[in-house]
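Asks: give me coordinates for this.
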Amino acid sequence: VQRLLLPSLTREWRAGLTETAEAKSFAVYAINLRAKLLQPPLKHRIVLAIDPGLRTGCKVAVVGSNGAPLFSTTLMIPLG
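Replies: The predicted model follows:
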């Protein structure tokens, strides 16, 4: 009984904990994303944004002071 029951209960318990942790992490992510998206824009500033990526390349974008995109490209970085 110990050999069969304990591993099954442990897996069930861990699955429940993982499910709860995932739900809470999505809730925290949603709160943080909402705060970022509702943030006022930077006035009178030009912003350079870089999204790093090795396999698909680094995406680079420049946004003007009025919020209009000025430039965007993808930079492929050689790996070795």
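Asks: what helix or strand does the residue minimising distance to the centre of the chain sit in?
Replies: Among the residues of the chain, Y29 comes closest to the average C-alpha position under C-alpha atoms, centre = their mean, at 8.2 Å. According to DSSP states H and E, Y29 maps onto helix 2-37.
Asks: from the contact counts, what lies against that helix?
Replies: Contact partners of helix 2-37 among helices and strands, from 3 or more C-beta pairs under 8 Å, 6 or more residues apart in numbering; DSSP states H and E: none. Bear in mind the C-beta positions are built from the backbone N, C-alpha and C, glycine included.
Asks: centre of the chain versus the helix or strand following it, how much separation?
Replies: Note on helix 2-37: by DSSP H and E, the next helix or strand toward the C-terminus is strand 47-51. The chain centre lies 15 Å from the centre of strand 47-51; the measure is C-alpha atoms, centre = their mean, to the nearest Å.
Asks: about what we covered before: measure the residue nearest to the centre of the chain to T18 for me?
Replies: 16 Å (C-beta to C-beta, to the nearest Å).
Asks: now name the helix or strand holding R55.
Replies: R55 belongs to no helix or strand when assigned by DSSP H and E.
Asks: low-confidence ranges, this protein, go.
Replies: Regions of the chain meeting the criterion pLDDT under 70 cover residues 1, 80.
Asks: I appreciate the help and will end here.
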